[in-house]
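K.L.:
Turn this into a model:
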Amino acid sequence: MARSTIQDVARLAGVSEATVSRALRGLSNVAPATRERVEAAAAELRFTLSKSASSLASGKTHRILLLVSGGLNNWFNSSVLQGAIEILSPEGYDIVPSFVTNRAELSRLIETLPSNRDVDAIIVTSFTLDAAFRAALASLDMPLVGINNPDIDGLNASVRIDDLEGMRQAVQLLHSLGHERLAYIGNLIPPDLDYSTDLRGEGFHKTALELGYDEGNLYISPPEEANQFRPTPEIARRNVAALLAAPQRPTGVCVQTDEMAAHILNELRRQHVRVPEQMSLIGFDDNQLAQIQDMTTIHQDPVMLGREASRLVLDLLRGKPLDEPHIIVPTTPVLRGTTGVPTDRN
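P.N.:
Okay, here's the model as predicted:
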């Protein structure tokens with residue numbers, strides 16, 4: 001059976017091809033009765049207006065660029081993508097996912113934006129937009145929405161958690177349980193991009209000092225450039241070795257992400273450290289690893305963040321004023337089996 005064309009729909013509906021195009025693109029200059037007749041004819045013939053044709057007519061691509069840091073298959077990025085698809089796909093938008101892992105890759109992407117404008121808006125996650133990125137987008141009439149960015153400079157709208165507050169919740173929990181010596185272990189983050197997760201270490205140190213801990217009772221894992229080339233389990237082993245070798249061993253440990261915390265927990269158990277009796281452990285994110293490991297953590301919901309960012313994108317594309325362009329979503333401590341009163345301090 002031959003594929004139906006716009007001419008077939010026009011003949012069946014008794015209108016011009018231009019009217020079919022306007023009706024199926026949802027333009028307002030079509031009478032309701034005519035639109036219904038065109039839609040019924042299109043449904044009968046199983047005809048859909050191609051996105052390329054619609055884009056040429058409207059000047060819109062119906063594509064949204066989702067720019068993430070790190071692999072598309074990691075928990076946070078894939079969850080954001082899921083949330084974005086749930087909102088944007090029913091509205092007729094395709095999502096173009098892309099990722100960068102360092103500043104050089106980001107610079108190459110920036111160079112292509114002005115000459116290759118094949119998206120209507122950009123959602124960018126987790127890292128700071130530097131001056132070059134903001135300048136490249138300034139000449140483009142294109143909404144830019146952020147998710148969990150360290151700052152909002154250059155963003156038309158954003159949705160994010162408060163990383164400082166989330167880590168404050170973790171430190172306060174350990175303090176309330178009676179832990180006198182605390183530690184913080186960060187993740188491997190490429191050194192040439194500024195990430196929102198970097199704020200968690202700052203939140204740990206600031207809160208601990210406010211609660212009366214002195215520097216002698218705090219251990220913060222030093223960043224090592226060589227960690228760029230080490231697998232996460234090895235980084236975890238090195239950090240646990242440093243914890244256990246400390247003159248004053250910490251009894252409460254905050255970790256930047258659940259991914260790293262899961263490896264820390266495995267290594268502590270391998271070294272026969274009883275968790276939480278000898279050492280309590282708190283992750284951050286509440287991903288599947290935390291749930292499987294019964295690990296106390298700080299909860300965030302990246303699927304919901306993806307949904308909210310996509311709703312902001314749609315409002316901006318439709319010219320709708322935003323009541324609250326920059327949204328902060330609270331984090332929540334999730335108590336599980338890796339925290340408790342330090343009953344065995346030896």
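
K.L.:
contacts, neighbours, all on C-alpha from now
P.N.:
Fine.

K.L.:
For Glu258, which residues are in contact?
P.N.:
Small correction: residue 258 is Asp, not Glu. Going by C-alpha atoms under 8 Å, 6 or more residues apart in numbering, Asp258 touches 283-287, 289-290, 297.

K.L.:
so can I have a markdown table of these showing secondary structure?
P.N.:
Supplementary listing: the contacts of Asp258 in a markdown table, determined by DSSP: H, G, I helix; E, B strand; the rest coil:
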| residue | secondary structure |
| --- | --- |
| Gly283 | coil |
| Phe284 | coil |
| Asp285 | strand |
| Asp286 | coil |
| Asn287 | coil |
| Leu289 | helix |
| Ala290 | helix |
| Thr297 | strand |
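
K.L.:
Among these, which one lies nearest to Ser89?
P.N.:
Ser89 has its nearest neighbour among the contacts of Asp258 in Asn287, at 24.8 Å by C-alpha to C-alpha.

K.L.:
Go ahead and confirm the closest one touches Trp75.
P.N.:
Yes. Contact criterion C-alpha atoms under 8 Å: Asn287 and Trp75 qualify, at 7.1 Å.

K.L.:
So between these two, which is more surrounded?
P.N.:
Asn287 (21 against 15; other C-alpha atoms under 10 Å).

K.L.:
where's the more buried one relative to Asp141, distance?
P.N.:
Here Asn287 is placed at a distance of 36 Å from Asp141 (C-alpha to C-alpha, to the nearest Å).

K.L.:
Then Phe127?
P.N.:
Separation of Phe127 from Asp141 (C-alpha to C-alpha) stands at 22 Å.

K.L.:
Show me what secondary structure element comes after the helix or strand of the chain with the lowest mean pLDDT.
P.N.:
Ranking every helix and strand in the chain by mean pLDDT, DSSP states H and E puts helix 51-58 at the bottom, with a mean of 50. Next helix or strand after helix 51-58 toward the C-terminus (DSSP states H and E): strand 63-69.

K.L.:
Which other helices and strands does that following strand contact?
P.N.:
Using 3 or more C-alpha pairs under 8 Å, 6 or more residues apart in numbering; DSSP states H and E as the contact test, the elements touching strand 63-69 are helix 75-88, strand 94-100, strand 121-125.

K.L.:
starting at the chain centroid, how far to that strand?
P.N.:
11 Å (C-alpha atoms, centre = their mean, to the nearest Å).

K.L.:
again, but for stretch 178-192
P.N.:
21 Å.

K.L.:
Would you mind writing the CA trace of that stretch as CSV?
P.N.:
The C-alpha trace of stretch 178-192 is given here as CSV (Å, rounded to 0.1, in the frame of the first residue of the first chain):
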residue,chain,number,x,y,z
GLY,A,178,27.9,11.2,69.4
HIS,A,179,30.8,10.8,66.8
GLU,A,180,33.8,12.9,68.0
ARG,A,181,36.1,12.4,65.0
LEU,A,182,34.8,12.7,61.4
ALA,A,183,36.1,12.2,57.9
TYR,A,184,35.2,13.2,54.4
ILE,A,185,36.0,11.3,51.3
GLY,A,186,35.5,12.9,47.9
ASN,A,187,35.0,11.4,44.5
LEU,A,188,37.3,11.5,41.4
ILE,A,189,36.2,14.6,39.6
PRO,A,190,38.1,16.0,36.5
PRO,A,191,40.1,19.0,37.8
ASP,A,192,39.4,21.4,35.0
